[in-house]
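> what follows is a predicted structure for the sequence shown.
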Amino acid sequence: MTPFGVKIRQLRKAKGVTLKEMAAALGVSSAYLSALEHGKKGRPSWYLLQRTINYFNIIWDDAEDIVALARLSHPKITIDTSALSPIATELANRLADDIGQMSNDEIKQHLSLLKISTLVKE
């Protein structure tokens, strides 16, 4: 699953609607919505993202959080390091090689480091 898929499923369950009902309201197939929830499809389109935010009556900061989750939810990413330093290429390759063997705690530690790095830049 992706972060966006988990959030959408939580919102759907909290609202008490089925996958089929939500899909019909958004104008997509239930198979597509299921694949989106399970991380089998990439990021939703901007149009679908806006329809989803409206469907759940999400406003302001919460809507920004949903957009950020969608941005971070592409299950099959490609990282182009051709214009970056050799160490950036090494990091990308090591992560690609090792992420499948990492525990959730190890992944959370790495993610925390990246979030701290981002905060320092701001």
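Arrived safely, thanks for sending. Numbering: from 1, shown residues only.
> only C-alpha atoms for contact and neighbour calcs from this point on.
Fine.
> stretch 112-119: how far from the chain's middle?
How far stretch 112-119 lies from its chain's middle: 17 Å, per C-alpha atoms, centre = their mean, to the nearest Å.
> typo on my end, it should be stretch 5-17
15 Å.
> residues in contact with it?
18-19, 22, 36-39, 56, 66, 73 (C-alpha atoms under 8 Å, 6 or more residues apart in numbering).
> and it, which residues are buried?
Buried residues in stretch 5-17, counted by 16 or more other C-alpha atoms under 10 Å: 5-9, 12.
> mind checking which of those residues are in strands?
Judged by DSSP state E, strands contain none of the buried residues of stretch 5-17.
> what's the closest of these to Ala92?
Closest approach to Ala92 among the buried residues of stretch 5-17 (C-alpha to C-alpha): Gly5, at 24.3 Å.
> which ChimeraX command selects the buried ones in the contacts of stretch 5-17?
A single ChimeraX command suffices to select whichever of these are buried according to 16+ other C-alpha under 10 Å:
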select :19,22,36,37,38,39,66,73
